[in-house]
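K.L.:
quick one, what's the 3D model for this:
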Amino acid sequence: MPSLRTRLTLWYTLTLFIVLVLFSVALIWQQERVGLRRVDGELAALGTAAISVFRDELHEQPDTRAAALDVLETFETPTRLLVITDEHGRSLAENWNGLEPQPIHPPAEDPLRIWTVAGTAGAWRLRAQAERFGPTQLVVVVGMHGGTIGRGRTSVNAGRQL
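P.N.:
Prediction:
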């Protein structure tokens, strides 16, 4: 039978190991939450900017499809996507940037929706927001690429610049 000193050392080592593992799991979980909040904030700002530009484009030209295409051209980047649909889900302008097109729910069902989708090159965080422009209601979907999706849960690399 091991000595008291050996048994205490083993218990101390085991306890320290368990505490470190629990601390690490909590830290990773918090980083994931902070990262998702940061990305969601950036998507909210991007969606607001796209809506503002769309509103300005509608003042210049009343054709909603042409205005949507101008907004799409303004916000085109390789790590972002932008889709503008009418209230029935029909696309006015879209740039999915390699992501498989997603179903856009009518605004009556879901006026604001945020979700994560697995793409071939990683995860996309999407934000769909319904907005009324005079008599017409549109849905503006913005998205950012970054991170990965685990089995059954979302994970975005918090420290990585998107």
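K.L.:
which stretches of the chain have low pLDDT?
P.N.:
Counting by pLDDT under 70, the ranges of the chain that qualify are 107, 109, 147-162.
K.L.:
nearest residue to the middle of it?
P.N.:
In the chain, the residue lying closest to the centroid (CA atoms, centre = their mean) is residue 125, at 2.1 Å.
K.L.:
part of a helix, is that one?
P.N.:
No - counting by DSSP: H, G, I helix; E, B strand; the rest coil, residue 125 is not part of a helix but strand.
K.L.:
select the longest helix from the protein.
P.N.:
Longest helix in the chain, counting residues (DSSP state H): helix 4-60.
K.L.:
what's that helix packed up against?
P.N.:
Other helices and strands packing on helix 4-60, by 3 or more CB pairs under 8 Å, 6 or more residues apart in numbering; DSSP states H and E, are helix 64-74, strand 80-86, strand 122-133, strand 136-145, strand 153-155. Backbone N, C-alpha and C define where each C-beta goes, glycine included.
K.L.:
flag every buried residue along stretch 88-96.
P.N.:
91, 92, 93, 94, 95, 96 (16 or more other CB atoms under 10 Å).
K.L.:
tell me which element the second one is part of?
P.N.:
In this case it means residue 92. strand 91-95 (DSSP states H and E).
K.L.:
which strands and helices sit next to the helix or strand just after that strand?
P.N.:
For strand 91-95, the following helix or strand on the C-terminal side (DSSP H and E) is strand 112-119. With contacts taken as 3+ CB pairs under 8 Å, 6+ apart, strand 112-119 sits against strand 122-133, strand 148-150.
K.L.:
mind redoing it with 6 Å?
P.N.:
strand 122-133 (3 or more CB pairs under 6 Å, 6 or more residues apart in numbering; DSSP states H and E).
K.L.:
follow-up on the earlier one: got a list of contacts for the strand holding residue 92?
P.N.:
64, 65, 68, 69, 72, 81, 82, 83, 84, 85 (CB atoms under 6 Å, 6 or more residues apart in numbering).
K.L.:
then that strand to CSV, C-alphas only?
P.N.:
In CSV, the C-alpha atoms belonging to strand 91-95 read as follows (Å, rounded to 0.1, in the frame of the first residue of the first chain):
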residue,chain,number,x,y,z
SER,A,91,-35.1,37.2,-54.6
LEU,A,92,-34.6,40.7,-55.8
ALA,A,93,-30.8,40.5,-55.5
GLU,A,94,-28.6,37.8,-54.0
ASN,A,95,-24.9,37.0,-53.5
